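J.: Quick one, structure for this:
(one chain, ligands or ions: 2)
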Amino acid sequence: MPYTDDLEFEAFIHQLPKTETHLHMEGACPFELLQAMDPKKYANPPAFWDDDFRYESFDQFMEWYAEYCSTFFTSAQRYHDGMKIVLGNCAAQGCRYVETSFHLPVLLGIEDSGPTLLDAVRSAAPEGLELRIFAGMCHDDYRDEGIDLIEESLTWDGLDGLDLHGPEYLPLEPWTADVWGRARQAGKFTKAHAGEFMGADFIDVVLDKLKVTRIEHGVRAIENPVTVQRLVDEKIALDVCPISNLKLAVKGVASMSAHPIRQLYDSGVIVTINSDDPFFFGNRLSEEYFALKQDLGFSKKELAQVACNGFQIALIDEIQRNAYESELNDYLTDFELN
Ligand code: ADE
Ligand code: ZN
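T.: Ligands and ions are numbered 1, 2, ... in the order given. Modelled structure (predicted):
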């Protein structure tokens, strides 16, 4: 880093059709909205935007999550306002398809209902941007009023899927496999965070128990070649967030040049790149592409393949998929491009 000083490359990335399939709404909160809410607290850009910043632990990151962005999301209208800016920025960067999640238990503390929140977010998407909305929840959220909320969410037409997030080291409780199975029966797509703060074993557990076909992060699969081969054989895609992994000091990511995405890609794993929580990392999607080029030697063709992977796994029909892929094919077959 910094990843923004090559204008020719920036133009290349900009015009590449891209996806963002790992984006937390609360962690993407636009700074200008926080400044408007509390000008004093947000007078200066946060220290965690510095390139050299590293979080001490995931717990510290979660504490700051509560202290900063979460205070903003007190109504469906606030989600609408935030996501209007976030999704507008995605589209302005050449992103055509976005999967984004909100923390489902937020609904326990606000007056608006799930369907109202979903409508508010959906109506924030600019024309031409395909949007899929996920409900995120932690390993220990299925208790007390959380039970009814999670059960109810399976009936919401406007909800596209479920994502398991939060502290990965909490036990994976038995309710999860049951709810994930019933969510799929109800037509929802299911995914889960794994292989970020736990090793490859936990990725195997999540695949075996939750029967997901998509893993958020998953980079610690690299610790076990058998798990890597499994991802390849079973066509399990990883929604990787390189700058997030660096700033959260994920094991094996002491520097961007050490990031396992290079080896995972070379092994044939389907990887996408994403920004995760841009407010907390100060990153933009285009910088994730820069990082892969600059520190991991990805060629333009390889980056076009990474972008193409996003459309391969997108929750769209085959006609749409073919249209996006044929646009990207021009880059994949361009002999001049390297
Ligand atoms: N929620 C928001 N960001 C997260 C991350 N990087 N890992 C797990 N849960 C999260
Ligand atoms: Zn995440």
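
J.: where does the stretch 1-150 of the chain dip in pLDDT?
T.: The stretch 1-150 of the chain contains residues with pLDDT under 70 at 1-4.

J.: Nearest to ligand 1: which residue in it?
T.: Per C-beta to the nearest ligand atom, the residue of the stretch 1-150 of the chain with the smallest distance to ligand 1 is His24, at 4.4 Å. The way it works is simple: take the backbone N, C-alpha and C, and place the C-beta from them, glycine included.

J.: what does this structure put close to ligand 1?
T.: Residues of the chain lying close to ligand 1 (C-beta under 6 Å from any ligand atom) are His24, Gly27, His165, Gly166, His193, Glu196, Ser244, Asp276, Asp277.

J.: Now do the same contact list for the closest residue to ligand 1 within the stretch 101-250 of the chain.
T.: Residue nearest to ligand 1 within the stretch 101-250 of the chain: His165 (3.7 Å; C-beta to the nearest ligand atom). Each residue near His165 by C-beta atoms under 8 Å, 6 or more residues apart in numbering is listed here: His24, Ser101, His103, Gly136, Met137, Cys138, His193, Glu216.

J.: please redo it, this time with the cut-off set to 6 Å
T.: Residues near His165 by C-beta atoms under 6 Å, 6 or more residues apart in numbering: Gly136, His193.

J.: tell me the pLDDT at it?
T.: Note on His165: pLDDT of 98.

J.: Can you get me a residue count around the residue in the stretch 201-338 of the chain that ligand 1 sits nearest to?
T.: Using C-beta to the nearest ligand atom, the closest approach of the stretch 201-338 of the chain to ligand 1 is made by Asp277 at 4.8 Å. For Asp277, the neighbour count with other C-beta atoms under 10 Å is 23.

J.: Surely it touches Leu23?
T.: No: taking contacts as C-beta atoms under 6 Å, Asp277 lies outside contact range of Leu23: 8.1 Å.

J.: Kindly report the residues of this protein close to ligand 2.
T.: Contact residues, the chain versus ligand 2 (C-beta under 5 Å from the ion): Glu216, Asp276.

J.: 8 Å instead?
T.: 22, 24, 27, 101, 136, 163, 165, 193, 196, 216-217, 239, 241, 244, 276-277 (C-beta under 8 Å from the ion).

J.: If you count contacts, what does the helix ranked longest in the chain end up packed against?
T.: In the chain, with assignment by DSSP state H, the single longest helix is helix 76-92. Contact partners of helix 76-92 among helices and strands, from 3 or more C-beta pairs under 6 Å, 6 or more residues apart in numbering; DSSP states H and E: helix 114-122.
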